[in-house]
Structures are given as structure tokens and as C-alpha cells.
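# Structure for the following, please:
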Amino acid sequence: IVTELFGGRLWHDGARFLFELAAPRFQLRVLASGTRSAKVLQLMEGENLIGRRRAPQQHERRLTLGGDELISADHATFTVGDGDQVFVRDTSKNGTWVAAAGGAEERVRRERSISPGDELRLGITRLRLERVEGAEDSKE
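Numbering: from 1, shown residues only. As a prediction, this is how the structure comes out:
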């Protein structure tokens, strides 16, 4: 009921349920491949850890990507702050790759900013950073 009234998000951190009041401004769209259908992972404000591991540890915000053995258990961290950019930090052994719209793919070294429309590759999984529809209205 609360999520419908306030537009927030309820999630579980492995030990308890937590509520995010601010609606997400960005999302990662998993681009469909031959065996998988496309899905969307919402990036909440703060750190979002993405990888193969399903169970979050302590207070982390975990996004799980299954079906790709080349994705590390804790592959990358996506940080959403107050501004209009998202930062990605590679924490994997196989690397995280980014390509700006129409640009060449580059490996993320430590941390870098990404913008809506940029495509990422984790293992063989491809994702695109998108702005959540209606997110511009929620900033006012």
C-alpha cells in the first residue's frame, strides 16, 4: 500500500525489509540475447551492487544477473547520486566494458561516469543505461 501511495520501493536486504521513498531515476535494461528475455534492473540512489550472487550481505542493494558464468559474484557497483550521472566501478576479474552511443567499447578502469544511452557489457551480458520514464518530473 505504501509503495502505491508514495511511489517508493520495498526491498529485502537479506535480513529485513527496507523502503526507498525516492523513485529510481535510472535503470539498466538487459538487452535480450538468444536464450534470455530482456529485463530491467532499477538503480536506486546510492550504491547498487550487480553480480551473480543472489543473497545481499548486510545493507547492500543487490541486483542479480544469472545465466552468465562470466559475470563475477560481485561484478560492478553502480552509484547514483544527486546529479544527472551514474558512476560504474568494476570489481570483477573479467572486466566491465562501456560503449557510448555509436562509440567503441572501452574497459572500465577503476571508476567512470556513464550516461543514459551508454551500453555496457558484463561477461557476455549486454545492458543499456536508461532514464526511468517520468523521472524528470519527480525532481521538481
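# Count residues in the vicinity of the residue nearest to residue 76 when sequence neighbours are not counted, would you?
Excluding the flanking residues, the one nearest residue 76 by CB to CB, 6 or more residues apart in numbering is residue 96, at 4.7 Å. C-beta: built from backbone N, CA, C; applies to glycine. Look at residue 96: counted by other CB atoms under 10 Å, it has 24 neighbours.
# How about residue 58?
7.
# can I assume it sits in a helix?
No. Read with DSSP: H, G, I helix; E, B strand; the rest coil, residue 58 is coil and lies in no helix.
# gap between it and residue 49?
Distance, residue 58 to residue 49, by CB to CB, to the nearest Å: 11 Å.
# now do residue 120
Counting by CB to CB, the gap from residue 120 to residue 49 is 15 Å.
# wait, what's in contact with residue 100?
Neighbouring residues of residue 100 by CB atoms under 8 Å, 6 or more residues apart in numbering: 115, 117, 118.
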